[in-house]
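Participant: Build me a model:
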Amino acid sequence: MSAQVAWGKFLIWSSIIMASGYGLMKATTPSEKELYDALSPELKRRVDQARAEREGRGQFERQVQASLEADKPIWGSDLDAAKGRRV
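Facilitator: Numbers count the residues shown, from 1 in each chain. Reported below is the predicted structural model:
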């Protein structure tokens, strides 16, 4: 009987500790917007630049995916079409 009480106390206290840890984390962790607003102007520029580069890579990846679906090579296809050459 004593073993059941010990396990019950253990489960209750461990649940309380985990829940309070999670609540503390949620209360003290800033959101992305709060973190961005707290940055200095120089760091904001660097973050904006990194986001723009990431977006550029995303556009390139979409272009590559579209060319894979179309079975056309991605290199020079626009240039060759502009010059009137067949690919």
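Participant: tell me which element residue 48 falls in.
Facilitator: helix 41-70 (DSSP states H and E).
Participant: tell me the mean pLDDT for that helix?
Facilitator: For helix 41-70, mean pLDDT rounds to 85.
Participant: And for residue 44, the neighbour number?
Facilitator: Look at residue 44: counted by other C-beta atoms under 10 Å, it has 13 neighbours. The C-beta positions use only the backbone N, C-alpha and C, and glycine is treated the same way.
Participant: same question, the one 5 residues further on
Facilitator: Number of residues near residue 49 (other C-beta under 10 Å) recorded here: 10.
Participant: same deal with residue 36?
Facilitator: The burial count for residue 36: 13, using other C-beta under 10 Å.
Participant: The helix holding residue 48: how far from the chain's middle?
Facilitator: With C-alpha atoms, centre = their mean, to the nearest Å as the basis, helix 41-70 stands 13 Å off its chain's centre.
Participant: Sort out which residues of that helix are buried, please.
Facilitator: For helix 41-70, the neighbour count (16 or more other C-beta atoms under 10 Å) marks no residue as buried.
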